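coordinates for the following, if possible.
(one chain, ligands or ions: 1)
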Amino acid sequence: MARVVLGVGAGIAAYKACELLRLLREAGHQVRVVPTPDALRFVGEPTWAALSGEPVTTDVWAGVSEVPHIRLGQSADLVMVAPATADLLARAAAGMASDLLTATLLTARCPVVYAPAMHTEMWEHPATVANVSLLRSRGAVVLDPAVGRLTGADSGAGRLPEPQELFGVAVTALRRGQPDLAGRRVVVSAGGTREELDPVRFLGNWSTGRQGYALARSAAARGADVTVVAANVELADPAGSRVRRVVSARDMHAVMLAEAAAADVIVMTAAVADFRPAARSDSKIKKDGRPPEPIRLTENPDILAELSARRAPDDQIVVGFAAETEADVDAARGKLARKGCDLLVVNPVGNGRGFGSSENEAVVLGADGTSTPIPRGSKEALADAVWDLVAARLKLPAPALSWYPAAVIRHVAGLLSG
Ligand code: CTP
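Model (predicted):
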């Protein structure tokens with residue numbers, strides 16, 4: 001059981017924090033809800049008190065003898081602020097302590113995760129951008145908001161991620177402690193590509209994207225800047241990630257190459273079709289009373305092999321996934337060498353394992369000859385274990401100031417080392 005402070009800012013998305021609170025409580029955690037005074041305009045004190053089973057105060061003047069603003073921050077294992085408004089981020093960045101929540105943020109020594117929610121204009125305003133950079137540079141995790149429907153009829157970046165997603169982030173933050181991927185840019189491919197035969201049919205596979213989304217959520221919870229390239233995934237967007245949607249292997253190839261240029265880590269979990277129909281019919285293929293014709297196929301680009309070959313090895317870590325129906329480690333070593341990546345996560349699929357399942361297991365083979373078994377467990381646990389192996393291989397120290405461009409950091413590190 002962990003002690004969690006759930007900070008709630010004055011945004012309409014405060015109602016989603018009720019569900020997050022319920023998930024945290026069901027997982028056995030003790031949760032102290034600390035709303036800002038204006039947050040109570042959206043969801044009232046009795047709701048928070050009833051759902052948490054704890055007293056709810058918003059100012060530093062209640063229960064002064066217990067010094068709550070110091071005690072709460074000092075004793076917490078995690079502070080999660082959801083939703084974090086533009087005003088709250090600004091006050092936190094400025095180190096203000098004008099209510100119990102901001103005072104608690106100053107005394108917290110545990111991981112602090114902000115889940116911002118606001119209108120797109122406010123999120124993109126240079127003031128908010130600077131505040132977010134400052135908070136990140138000081139070790140806080142600030143999740144990028146989700147893209148979608150906002151308060152009114154408008155939509156854009158600024159939505160609070162779904163409560164289940166935020167819960168996943170909280171679990172990782174509690175498990176991992178301080179964010180060890182802060183300032184790292186990671187790109188994760190997820191899902192399964194579809195290769196069209198005609199306007200209504202395609203060749204596809206069973207991948208749901210769950211493992212890739214777990215990797216994205218885990219990386220965001222550990223402070224990384226995450227982009228997901230999602231092929232035909234029907235899950236809620238992973239908290240804290242930008243999602244770029246693709247359909248076919250060739251779409252994914254183009255988007256991955258573009259996104260990889262600025263990445264520190266690339267993880268290919270997507271099930272990419274090796275082949276596509278040599279020709280796509282513009283109209284629906286008919287039976288027309290003829291015997292069926294074989295489908296002629298042509299080869300797709302091997303994205304993982306190409307990304308591995310293109311990178312400067314000291315600049316990027318590349319991770320592949322190999323879903324195998326038979327666990328044959330020797331063959332998998334051959335695949336690792338063929339693909340040229342740093343790590344290959346070999347996991348069994350078929351017969352109820354892998355695709356669509358909430359659990360996974362793997363052996364992670366390293367180009368350096370290492371072999372690390374990851375026992376059967378949740379896809380989240382496997383994601384955390386993969387990031388542990390990646391973090392151990394990242395050569396440069398995590399940038400102290402996350403707004404420094406990666407190129408500047410590499411240049412300075414190069415000067416220092418050589
Ligand atoms: N992969 C890729 N591009 C492809 C095929 C696969 O980038 N055209 C990536 C997958 O995302 C995965 C890794 O390569 O990270 C291994 O995929 P897998 O299907 O096991 O490899 P294949 O090369 O297709 O080998 P096999 O003959 O076993 O299908």
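
does the residue lying farthest from the centre of the chain belong to a helix or a strand, and which?
Most distant residue from the mean C-alpha position of the chain: G289, 50.3 Å away (Cα atoms, centre = their mean). Using DSSP states H and E, G289 sits in no helix or strand.

per-residue confidence for V247?
pLDDT, V247: 98.

surely it and N232 touch.
Yes: in this structure, V247 is within contact of N232 by Cβ atoms under 8 Å, at 6.5 Å. Heads up, the C-betas are built off the backbone N, CA and C, glycines and all.

quick one, which of those two is more surrounded?
Taking neighbours as other Cβ atoms under 10 Å, V247 and N232 compare with N232 leading, 21 against 16.

how about the contacts made by that one?
By Cβ atoms under 8 Å, 6 or more residues apart in numbering, the residues touching N232 are G191, G192, T193, R194, G204, G209, V247.

Throw those into TSV and include distance to the ligand and secondary structure, thanks.
As requested, the contacts of N232 are exported to TSV (distance: Cβ to the nearest ligand atom, whole Å; DSSP: H, G, I helix; E, B strand; the rest coil):
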residue	distance to the ligand	secondary structure
G191	10	strand
G192	10	strand
T193	8	coil
R194	13	coil
G204	14	coil
G209	12	coil
V247	14	coil
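
now the common contact residues for V247 and N232.
Each of T193, R194 lies in contact with both V247 and N232 under the rule Cβ under 8 Å, 6+ apart.

which bits of this structure sit near the ligand?
The chain comes close to the ligand at residues 249, 268, 270, 272, 274, 300, 302-304, 320-323, 339, as judged by Cβ under 6 Å from any ligand atom.

could you check how far the residue farthest from the centre of the chain is from E165?
Separation of G289 from E165 (Cβ to Cβ, to the nearest Å) stands at 51 Å.

gap between stretch 322-329 and the chain center?
With Cα atoms, centre = their mean, to the nearest Å as the basis, stretch 322-329 stands 26 Å off its chain's centre.

now render the contacts of N232 as a markdown table, adding distance to D388.
Converted to a markdown table, the contacts of N232 look like this (distance: Cβ to Cβ, whole Å):
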| residue | distance to D388 |
| --- | --- |
| G191 | 24 |
| G192 | 26 |
| T193 | 29 |
| R194 | 33 |
| G204 | 32 |
| G209 | 22 |
| V247 | 33 |
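
looking at these, which is nearest P294?
Comparing those against P294 with Cβ to Cβ places G204 closest, at 18.6 Å.

show me the contacts for the closest one.
G204 sits next to G192, T193, R194, E195, N232, A273 when contact means Cβ under 8 Å, 6+ apart.

6 Å - rerun?
Going by Cβ atoms under 6 Å, 6 or more residues apart in numbering, G204 touches G192, R194.

same deal with L197?
Contact analysis of L197 by Cβ under 6 Å, 6+ apart lists P277.

10 Å instead?
For L197, the contacting residues are L203, R276, P277, A279, R280, S281, K284, I285, I295, by Cβ atoms under 10 Å, 6 or more residues apart in numbering.
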